[in-house]
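# Quick check, what structure comes out for this input:
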Amino acid sequence: MPDTPANTVVWSEIPVRDLDRSIAFYSTVFQSQLKRDDSGPNPMADLANPAGGVAGHLYPGEPAAPGTGSTIHLNVPDTLEATAERCWKAGGTVIGEPIPLPVGRFQYAQDPDGNSIGFFERTAA
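Have a look, this model is predicted:
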């Protein structure tokens, strides 16, 4: 019998046109050092989750047209404002103002390839 996963989402994939440029962007924005992995059938870079659980990776591919693809929400290492500033400086686009939730806040952005990403800041347990 198959094992029942703890989460509905198993992992995420973000297609990017230039893997090395995207590694630099995501490393800067999320203040973590993504590393290129060429050991599999396709190169990729993990968006690692040190605590385990759901994670994802970047891979060479063709992103959806801006505004048409899925949105992946990622935890920020500090505040939405600091993350948004790094996003702008690294070549991304921040869309709109922070949106409050009962457990935190999030803000929409696009990476340099136009992929929709959400920045999530937890403010409540």
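# Tell me which stretches of this structure form strands.
Applying DSSP state E to the chain gives strands spanning 11-16, 36-37, 44-47, 55-60, 71-75, 93-101, 104-110, 116-122.
# Next, format these as CSV and append mean neighbour count and distance to residue 2.
C-beta coordinates here come from the backbone N, C-alpha and C atoms, glycine included. Output for the strands of the chain, formatted as CSV (neighbours: other C-beta atoms under 10 Å; distance: least, C-beta to C-beta, whole Å):
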stretch, mean neighbour count, distance to residue 2
strand 11-16, 18, 17
strand 36-37, 13, 27
strand 44-47, 20, 24
strand 55-60, 18, 20
strand 71-75, 15, 25
strand 93-101, 13, 33
strand 104-110, 19, 32
strand 116-122, 19, 30
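# Which pLDDT value goes with the residue minimising distance to the centre of the chain?
When C-alpha atoms, centre = their mean is applied to the chain, the residue found nearest the centroid is residue 74 (4.9 Å). Per-residue confidence (pLDDT) for residue 74: 93.
# Out of the strands of the chain, the one nearest residue 23 is which?
Closest approach to residue 23 among the strands of the chain (C-beta to C-beta): strand 44-47, 4.8 Å.
# Just the residues contacting the closest one, thanks.
When contacts are defined by C-beta atoms under 8 Å, 6 or more residues apart in numbering, strand 44-47 is touched by residues 12, 14, 19, 22-23, 26, 30, 34-37, 55-59, 74.
# Tell me how many other residues crowd the nearest residue to residue 24 once chain neighbours are set aside.
Leaving aside its chain neighbours, residue 24 sits nearest to residue 90 (7.3 Å; criterion: C-beta to C-beta, 6 or more residues apart in numbering). For residue 90, the tally of surrounding residues (other C-beta atoms under 10 Å) stands at 16.
# I'm done for today, thanks for sticking with me.
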